[in-house]
Every structure is written in structure tokens, then in C-alpha cells.
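Asker: build me a structure from this.
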Amino acid sequence: MLSKIIPYIRCPKCAGVDFKEDPNGLFCRSCNTLYPLRMGILDMMGSDTDEVITPFQRLMQFPVIVSIYEKIWRRIGYYLASSRSFSKEMQTVLKLAEGKRIERALDLACGPGVFHTAAGAPDG
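Answerer: Just a heads-up that it's a prediction; the model follows:
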């Protein structure tokens, strides 16, 4: 499976493109970095990041806060920012894919997967 994505990625550490599939993940031959598979997901972030996690980001790690955010605030904020309901936006996304043969999809894991769960059960 990893072999299918190798032609489309670059190493985040060195920008190299010389990868080798490894039983534990993907190995960059250019900088000798192993990007591990974690629960079946390739982790190319690594743990040596200088990113500062804000107090708000820390709050978003608590299930009760995430639940309130996902079920209430995200939808309200989305509507206020776009004048469209999340449901209408989801319908637009699904309509764009309708009737097309989609061979590739990229999930950048930038959030909690709202589009994935909403695709099965859009809100009214």
C-alpha cells in the first residue's frame, strides 16, 4: 500500500524523494529517517517539532471540549463565517464527487474527520 504513495511524496526533513518501504513504515534514503506507521497511518510529522502548542490547542485535546466544539460551535462558527450551513457545504462536497471515478484521495489529517463522519450522516 505504501508503495502506491511513494511517487507523490517528499521527505519533510530533507525534501528528498528516495524512499524505501520498510516493515515499520517508510524510510528516506536521503537523510536516513524512518517515518513510522502508527495504527496503520503513516506518521511523517515526527516528534522533533518546534511547534508551540497554545492553551486553546491543549483544550481541544479534552473529549468534552471536542464534543461541544464539533456538535455545536463548529457549525455555528462555520455558518457565521460563510453564511452556509455545514450541511449545505457537505452536500456541495459530495456533489463535486458525484459520478466521478476517484482513484486517489489525500487525507491531511488536519482535524477530527468531520467530513468523513458527515458523509455518512449529514446534519439537517
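
Asker: so Cys11, which of the three states?
Answerer: Taken by DSSP: H, G, I helix; E, B strand; the rest coil, the conformation at Cys11 corresponds to coil.

Asker: that one: how many residues sit nearby?
Answerer: Cys11 has 19 neighbouring residues, counting by other C-beta atoms under 10 Å. The way it works is simple: take the backbone N, C-alpha and C, and place the C-beta from them, glycine included.

Asker: so what's the closest residue to it other than its chain neighbours bridging to?
Answerer: Residue nearest to Cys11 in three dimensions, not counting chain neighbours: Cys28, with 4.2 Å by C-beta to C-beta, 6 or more residues apart in numbering. Beta-bridge partners for Cys28, by DSSP bridges, are Phe19, Thr33.

Asker: looks like Cys28 contacts Met44 (just checking).
Answerer: No - counting by C-beta atoms under 8 Å, Cys28 sits too far from Met44 to count as a contact (9.5 Å).

Asker: which neighbours do those two share?
Answerer: Residues touching both Cys28 and Met44 (C-beta atoms under 8 Å, 6 or more residues apart in numbering) are Tyr35.

Asker: the more surrounded of those two?
Answerer: Neighbours per residue, other C-beta under 10 Å: of Cys28 and Met44, the larger number sits with Cys28, 22 against 16.

Asker: OK, contacts around that one?
Answerer: With C-beta under 8 Å, 6+ apart, Cys28 has these contacts: Cys11, Lys13, Cys14, Gly16, Asp18, Phe19, Leu34, Tyr35.

Asker: pull up the distance across stretch 20-31, start to finish.
Answerer: For stretch 20-31, the separation between the terminal residues is 12 Å (C-alpha to C-alpha, to the nearest Å).

Asker: one more: stretch 63-79?
Answerer: Stretch 63-79: ends 23 Å apart by C-alpha to C-alpha.
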